[in-house]
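Visitor: I'd like to go over a predicted model; first the sequence, then the structure.
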Amino acid sequence: MLEGNIRDGIVDMRPVDLHVHSTRSDGTLTPAELLDYAVKKRLRAMALTDHDTVDGLTEIKEAAKTREDSPEIVDGVELSTDLDGHDIHIVGLFIDTANPGLKEYLQKFKDSRDLRNEKMCNAIREGIGLDITYEKLKAAFPGSVITRAHYARYMLDHGSVHSMDEAFSRYIGDGRPYFIPREKVTPFDGVELIKKASGIPILAHPLLYGMSRERLEGLVSDLKDAGLMGIETRYSTYSSAETRQMILLSEKMGLLESGGSDFHGANKKDIDLGTGKGGLFIPYEIYEKLLERRKQL
């Protein structure tokens, strides 16, 4: 049964979505378009959490100023980290985007990413004969932080593969011939960066890491010791049993709940803003508790 938000005896069924991507990383809607869609979907609050960049936040907040029906906009980011070969993502909510440490990290990450993308384009061009350079890739996706999803789309658009999934499975997925890993920090470093930027560090989609229950609980416990404040208990791909498992884990660890669709637009066609695969609902009270913690920091 869906949870509602009760105000003055009236049940408000408008959800929040605290994990969303725009064209500034690997989404397909611009920040302004995302704001318009959030209004259409009747969201009460939304966090823009692009991968390793905060460049879209100014645009979406400027767009929000022009609409009385805009949801509350949360300054967010999703940091890509690595732990023993596992991709671990740390979402930061209510961050101070002007924080010098965060700005320095994001710039270093961008420089490292640019070098890696140059190498990947060269390898793909020489390996399969595709007319691809980093400049052409950026021109095809202006304003975006280039990710492997952009490579897959470029390869599909230029006839090198029949689907984006094929691009990953044959060429650019983990361990494939033309995948070059990025330089990453640990999730503990990611938590510390978010804390220093006055934000709330959240472990994104814990069940996607393929860990045993014991190992996941150990990771969450260790991250909490480092300053983790919450985990995503509500997520697009979770079953009701998995959602309950994550709620129990948050309670056991004394962590806040968070949740989001991980909306990417057309790059994840079966995931819709606010509602995920159709059954996702993140009540406003989850957002309120996060906001209250932010005020205490």
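Guide: Received the coordinates, thanks. Numbering: from 1, shown residues only.

Visitor: Verify the contact between residue 219 and residue 83 for me.
Guide: Yes: in this structure, residue 219 is within contact of residue 83 by CB atoms under 8 Å, at 7.4 Å. Every C-beta, even on glycine, is put in place using the N, C-alpha and C of the backbone.

Visitor: what's the overlap in contacts for those two?
Guide: Common contacts of residue 219 and residue 83 (CB atoms under 8 Å, 6 or more residues apart in numbering): residue 187.

Visitor: Would you mind pulling up the elements that the helix or strand hosting residue 104 packs against?
Guide: Assessed by DSSP states H and E, residue 104 sits inside helix 100-128. When contacts are defined as 3 or more CB pairs under 8 Å, 6 or more residues apart in numbering; DSSP states H and E, helix 100-128 sits against helix 134-140, helix 148-157, helix 187-196.

Visitor: Starting from the strand of greatest length in the chain, tell me the next helix or strand along the chain.
Guide: In the chain, assigned by DSSP state E, the strand with the most residues is strand 72-83. For strand 72-83, the succeeding helix or strand toward the C-terminus, using DSSP H and E, is strand 86-93.

Visitor: Just want the angle from that following strand to strand 72-83.
Guide: Taking axes from the mean of the first three to the mean of the last three CA atoms, to 10 degrees, one finds strand 86-93 and strand 72-83 inclined to each other by 160 degrees.

Visitor: Need the contact partners of strand 86-93.
Guide: 18-19, 47, 49, 74-82, 187, 190-191, 193-194, 197, 199-205, 209-211, 219, 232, 258, 260, 290, 294.

Visitor: Pull out the buried residues from these.
Guide: Buried subset of these (neighbour count, 16 or more other CB atoms under 10 Å): 18-19, 47, 49, 74-82, 187, 190-191, 193-194, 197, 199-205, 209, 211, 219, 232, 258, 260, 290, 294.

Visitor: circling back to that earlier point, now the helix holding residue 104 and strand 72-83, what's the angle there?
Guide: Using the same axes, to 10 degrees, helix 100-128 lies at 60 degrees relative to strand 72-83.

Visitor: For residue 73, which residues count as its bridge partners?
Guide: Going by DSSP bridges, residue 73 is paired in beta bridges with residue 46.

Visitor: I'd say it and residue 67 touch.
Guide: No: applying CB under 8 Å, one finds residue 73 not in contact with residue 67, separated by 10.7 Å.

Visitor: phi, psi of residue 180?
Guide: Main-chain torsions, residue 180, degrees, to the nearest 10: phi -120, psi 120.

Visitor: Number of residues surrounding it?
Guide: 14 (other CB atoms under 10 Å).

Visitor: Over to residue 85?
Guide: 7.

Visitor: Distance of it relative to residue 175?
Guide: The gap separating residue 85 from residue 175 is 10 Å, by CB to CB, to the nearest Å.

Visitor: Same check on residue 29?
Guide: From residue 29 to residue 175 the distance is 31 Å (CB to CB).

Visitor: more crowded one of those two?
Guide: Neighbour count, other CB under 10 Å: between residue 29 and residue 175, residue 29 has more, with 20 against 6.

Visitor: which residues sit in contact with the nearest residue to the more buried one once chain neighbours are set aside?
Guide: Closest residue in space to residue 29, ignoring its immediate chain neighbours: residue 265 at 4.7 Å, by CB to CB, 6 or more residues apart in numbering. Contact analysis of residue 265 by CB under 8 Å, 6+ apart lists 21, 27, 28, 29.

Visitor: Of those residues, just say which sits nearest to residue 169.
Guide: Using CB to CB, residue 28 comes nearest to residue 169 of the contacts of residue 265, at 21.4 Å.
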